[in-house]
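*Asks:* fold the following for me, if possible:
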Amino acid sequence: MRGRALDVLDRLDEAATAYGDAHALAPGAQSPILALGVLRFRQGKLAEAQHFTNLVRLLPADAVDPWSLYWHGDSRFFRDVLTKLREMAK
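*Replies:* Next up, the predicted model:
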C-alpha cells in the first residue's frame, strides 16, 4: 500500500523501493512485481519492465498474493461470522 500511495504522489523512486520491500516480504506475490514492472515501463526503463513481467510469468500457478485479500477486507471471515450469527438467532 505504501508503494501505491507513493506512486500516486509521483514519488516514483520511493514507490519502487516500497514495491521492492513488499516483494522481499512475499516473493511469490504478483502484485508488487507487476507494480514494479508498470512503474519501470512508465519511466521508460523497458528492459527492467520486461524483467518484472517475466518474473510474473515464472510464478507457480498456486502462488498466493496476500495483497489480493486486502481489497476484500474481512470477507475471509464471512463463513465464521455467518455461523455465529445463525447460532445467535436460534
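*Asks:* go ahead and confirm G20 touches A35.
*Replies:* No: using C-beta atoms under 8 Å, G20 is not in contact with A35, being 9.8 Å away. All C-beta atoms are positioned from the backbone trio N, CA, C, and that covers glycine.
*Asks:* between those two, which is the more surrounded one?
*Replies:* Taking neighbours as other C-beta atoms under 10 Å, G20 and A35 compare with A35 leading, 22 against 15.
*Asks:* next up, the contacts around that one.
*Replies:* Contact partners of A35, counting by C-beta atoms under 8 Å, 6 or more residues apart in numbering, are G3, R4, D7, A15, Y19.
*Asks:* most neighbours, which of those residues?
*Replies:* Highest neighbour count within those: Y19, with 26 neighbours (other C-beta under 10 Å).
*Asks:* ok, that one to P32 distance?
*Replies:* Using C-beta to C-beta, to the nearest Å, Y19 is found at 5 Å from P32.
*Asks:* now do the shared contacts for the two.
*Replies:* Jointly contacting Y19 and P32 under the rule C-beta under 8 Å, 6+ apart are G3.
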